[in-house]
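Kindly return the folded structure for what I paste below:
(chains A and B)
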Amino acid sequence: QKEVEQNSGPLSVPEGAIASLNCTYSDRGSQSFFWYRQYSGKSPELIMFIYSNGDKEDGRFTAQLNKASQYVSLLIRDSQPSDSATYLCAVRKPGYSTLTFGKGTMLLVSP
Amino acid sequence: NAGVTQTPKFQVLKTGQSMTLQCAQDMNHNSMYWYRQDPGMGLRLIYYSASEGTTDKGEVPNGYNVSRLNKREFSLRLESAAPSQTSVYFCASMGPDLAKNIQYFGAGTRLSVL
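Residues are numbered from 1 along each chain as shown, chains lettered A, B, ... in the order given. Below is the predicted model of the structure:
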């Protein structure tokens, strides 16, 4: 089982819809969870991080963490064409200063 | 406020040539990282430096060496480049708050080995 798994996509949604991106991880002791957005040809940029079970909202973005199910998700409300990018899930295991990244999910938002 | 700066942005090498990728951060961060990104493979950690004077191997260290020159600079060296090292290389840095572990990335170096 891969440490961090994401559906590669592409996930296609119409403008204005809710995009739901999912990530599962294998190490039950993982403590910190991150969502990075990466536009084509650009570097990853952090958009959300979450440490505790439940939801964390920031503008149109909501991160959801369920440690019992080893599942973290990112919801994007009112999706815009400018949200079209690859979204990378990253996880930090306890005692490590490094992150393990999933392979990313490509999101396409059509006007 | 430059953040993380990588040089060069693009490079073409012939098999067997050597080169050094440079990375510098101006955020006074302790930890620095080198990743490679290949299509369909996500980001894979090559080497990292948790603090000045220390370096450790990541997931894919073979064929690479690193130097943490000082707190600001962390370089990645390819001694004898191979076509399998054609990739996009990202440097990242992270501040002292391990609990947050937020990494900030440079713009990347696009390397082709012919």
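
For chain B, give me the ranges with low pLDDT.
The model of chain B has pLDDT under 70 over residues B:1, B:98-100.

Show me which residues of it sit near chain A.
B:31, B:33, B:40-45, B:48, B:50, B:58, B:90, B:94, B:98-108 (CB under 8 Å from any CB of the partner chain). Using the backbone N, CA and C atoms, a C-beta is placed for each residue, glycine as well.

Can you show me the strands along chain A?
With DSSP state E as the definition, chain A shows strands at residue ranges A:4-5, A:11-14, A:19-25, A:32-38, A:45-50, A:54-58, A:61-66, A:71-76, A:85-92, A:100-101, A:105-110.

Ok, chain B next?
B:4-7, B:10-13, B:19-25, B:31-38, B:42-49, B:56-57, B:64-68, B:74-78, B:87-94, B:103-105, B:109-113.

can I get these in CSV with mean neighbour count?
As requested, those are exported to CSV (neighbours: other CB atoms under 10 Å in any protein chain shown):
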stretch, mean neighbour count
strand B:4-7, 18
strand B:10-13, 14
strand B:19-25, 19
strand B:31-38, 24
strand B:42-49, 22
strand B:56-57, 13
strand B:64-68, 18
strand B:74-78, 20
strand B:87-94, 24
strand B:103-105, 23
strand B:109-113, 18
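
hang on, isn't residue A:56 packed against residue A:63?
Yes: here residue A:56 lies in contact with residue A:63, judged by CB atoms under 8 Å, at a distance of 4.8 Å.

which residues do these two both contact?
Counting by CB atoms under 8 Å, 6 or more residues apart in numbering or on different chains, the shared contacts of residue A:56 and residue A:63 are A:48, A:50.

Between these two, tell me which one has more neighbours.
residue A:63 (23 against 15; other CB atoms under 10 Å in any protein chain shown).

how about that one, what does it touch?
A:33, A:35, A:48, A:49, A:50, A:55, A:56, A:72, A:73, A:74, A:75 are the contacts of residue A:63 under CB under 8 Å, 6+ apart.

Kindly report the same for residue B:55.
With contacts defined as CB under 8 Å, 6+ apart, residue B:55 is in contact with B:47, B:48, B:49, B:66, B:67, B:68.

of all the residues you listed, which two lie farthest apart?
Of all pairs drawn from the contacts of residue B:55, the greatest distance, 12.8 Å, lies between B:48 and B:67 (CB to CB).

In chain B, which residue sits nearest chain A?
Using CB to the nearest CB, the point where chain B gets nearest to chain A is residue B:42, with a distance of 3.8 Å.
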